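Engineer: need a 3D model of the following:
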Amino acid sequence: MKAVALAVGAALLTAQLPNRLSAQDSQFGIRGLGTPGKWESVRARSSGGAFAPFDGFSPLIDASLIDVRRLSGSVTGAMSRRTVDIAGTQTPLRGTRFPAFVIAGPLGRRLVLGGGFTTYLDRTFGISTSDTLIVRNDTVPFTDAVNSDGAVTDVRLAAAGRLTKRLTIGAGIHLLTGSTRVVATRTFTDTSYRNTTARDQVSYAGEGFSVNALYDLGPLRLAGWYRADSRLEADIRGTTVADNDLPNSYGVGVLLRPGAQFAIAGTATARDWTGSTSNGHNTLNWSIGTELGTPGAGLRLGARGGQMPFGAGATAPTELGLSAGIGKQFSAGRGRIDFGLEHLQRTGTGLSEKVWTFLLGLTVRP
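Structural biologist: Here you go, the predicted model:
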C-alpha cells in the first residue's frame, strides 16, 4: 500500500487529476506545474504590476537595477485570504508568503550588481480523491489524500549596465531550486482494512537566463525583456519522477513621468506554457497603474488582467485584479515601508477564486 500512496504522490507532480480539490494557494496551479509567482515588489504590485519593469526591487527585469544608487535590500511579504467556489461549494482558505527578496549595489557609475530570490511556482496544495477497488470480489471504497507544501524558487544573479545616456541593458542567470514535502494517505471506509500513509520530499532543479533593456526618451521610459528557462526536473530520492519544459517569456513596458508628482505605466507579458503539460496554455497578461506623489513614496493604484497557464478546459482561466497601496520613507530616506492591498478574481471551467492579499514591504539603504 505504501507503493500505491507514493504512486499517487508522483502522479500529482504532473498534476493531471481532475478530481475534488482543496488548497492553501491558487487551485488553478494544481492541474499544472503550480501557480506562477508575481516577480514584483510591494510598490509594483500595488500598481497592478505596471511599475515592475521600472523598479529596481522588482525581480522582473535586470536593467532596472541601474536605479539602485547605493547598497540596498528589499523584502516583500504577502498575506492572502481566498474564497474558492467549486461547482457551487465555497471554501475559505488563507496563506502567508515572502515572495521576493532583492539586494543590489553599484560598482562604479555605470554598473550595478544584484541578486536575490522570488517564487517561480507555488506548489502548496491538498487534493482529495475518492474511488473503489475490488478486493477478493468485494467493492471497497477508499479516499486518497495528498498534501504538498513548498515551492520552486528562482535564485537570481543579475547585472545592469548603462551603455549610453539613454540606453541601459541588463542580464541575469537564474537557478531554479526548492522542494515540497508530500504526504499521501489512503483511507478505507471499511475499518477492517488498514489505512496507509507515505511521506516524501520532492526536489526541483532547473536554470534560465534573461536579457532586457531600458531606453529613456525624456519623460518617457521604454522597457523590453526576454527570458528563457530550461526544463524543470522533480526528483524523489534521486529518481526523476517528472521532467517538464518551461516557457519563454517576452514583455514590453512603458512609463510616462510628465512631472515630479505623477507617473503612469503599462506592461504586456506573453509566456508559452503549452509545452509544459498537456493542459498548458499560452498566456498574455497586461497591467496599468499610476503613482501619485514623490517616486517610490506616493499613492499607487493599478489594474491587471490576462490568463492563468493551467486549467481543466480548452481555454485558459482568466485573472482580473485591482490594487492600491502607499509608501512612506523614514530615516532621512535610508528606508521605506510599503503597504498594499490587492483583489483578484480568477475564473475557469467549474472553478473560481476571489483573493484578497495584504502586502507589506521593507526597503533599507544602510
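Engineer: buried ones in whichever strand or helix holds residue 74?
Structural biologist: Using DSSP states H and E, residue 74 falls within strand 72-86. Across strand 72-86, burial judged by 16 or more other CB atoms under 10 Å covers 72, 73, 74, 75, 76, 78, 80, 82, 84. Yep, even glycine has a C-beta here, placed from its N, CA and C like the rest.
Engineer: bridge partners for the fourth one, pull those for me.
Structural biologist: Same thing as residue 75. Judged by DSSP bridges, the bridge partners of residue 75 are residue 101, residue 362.
Engineer: before we move on, what about the one 5 residues further on?
Structural biologist: Assessed by DSSP bridges, residue 80 has beta-bridge partners residue 95, residue 357.
Engineer: quick one: residues contacting it.
Structural biologist: 94, 95, 96, 97, 355, 356, 357, 358 (CB atoms under 8 Å, 6 or more residues apart in numbering).
Engineer: okay, the third one: pLDDT?
Structural biologist: At residue 96 the predicted local distance difference test score is 85.
Engineer: what of residue 270?
Structural biologist: Predicted confidence (pLDDT) for residue 270: 97.
Engineer: next helix or strand past the helix or strand containing it?
Structural biologist: Here residue 270 sits within strand 262-272, counting by DSSP H and E. Proceeding N to C from strand 262-272, the next assigned helix or strand is strand 282-292, under DSSP H and E.
Engineer: can you give me the buried ones in that following strand?
Structural biologist: Buried, per 16+ other CB under 10 Å, within strand 282-292: 283, 285, 287, 288, 289, 290, 291.
Engineer: same for it, what does it pack against?
Structural biologist: strand 262-272, strand 299-307 (3 or more CB pairs under 8 Å, 6 or more residues apart in numbering; DSSP states H and E).
Engineer: can I get the first one as PDB, trimmed to CA atoms?
Structural biologist: This file holds the C-alpha atoms of strand 262-272, laid out as PDB (Å, rounded to 0.1, in the frame of the first residue of the first chain):
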ATOM      1  CA  PHE A 262       2.800  61.900 -11.200                       C
ATOM      2  CA  ALA A 263       3.700  58.800 -13.200                       C
ATOM      3  CA  ILE A 264       1.700  56.300 -15.200                       C
ATOM      4  CA  ALA A 265       2.900  52.900 -16.600                       C
ATOM      5  CA  GLY A 266       1.700  49.900 -18.500                       C
ATOM      6  CA  THR A 267       3.000  46.400 -19.400                       C
ATOM      7  CA  ALA A 268       2.200  43.400 -21.500                       C
ATOM      8  CA  THR A 269       3.800  40.000 -21.000                       C
ATOM      9  CA  ALA A 270       3.500  36.800 -23.000                       C
ATOM     10  CA  ARG A 271       4.500  33.300 -21.900                       C
ATOM     11  CA  ASP A 272       4.300  29.900 -23.700                       C
END
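Engineer: check which residues of that strand are buried.
Structural biologist: 263, 264, 265, 266, 267, 269, 271, 272.
Engineer: got a pLDDT number for the third one?
Structural biologist: Put plainly, it is residue 265. Looking at residue 265, the pLDDT reads 98.
Engineer: distance of it from residue 44?
Structural biologist: Distance, residue 265 to residue 44, by CB to CB, to the nearest Å: 9 Å.
Engineer: hey, what's in contact with both of those two?
Structural biologist: 50, 51.
Engineer: using the three-state scheme, assign the closest residue to residue 63 other than its chain neighbours.
Structural biologist: With CB to CB, 6 or more residues apart in numbering as the criterion, residue 63 has its nearest non-adjacent residue at 3.2 Å, and that residue is residue 170. Counting by DSSP: H, G, I helix; E, B strand; the rest coil, the backbone at residue 170 sits in strand.
Engineer: with that, I have no additional questions.
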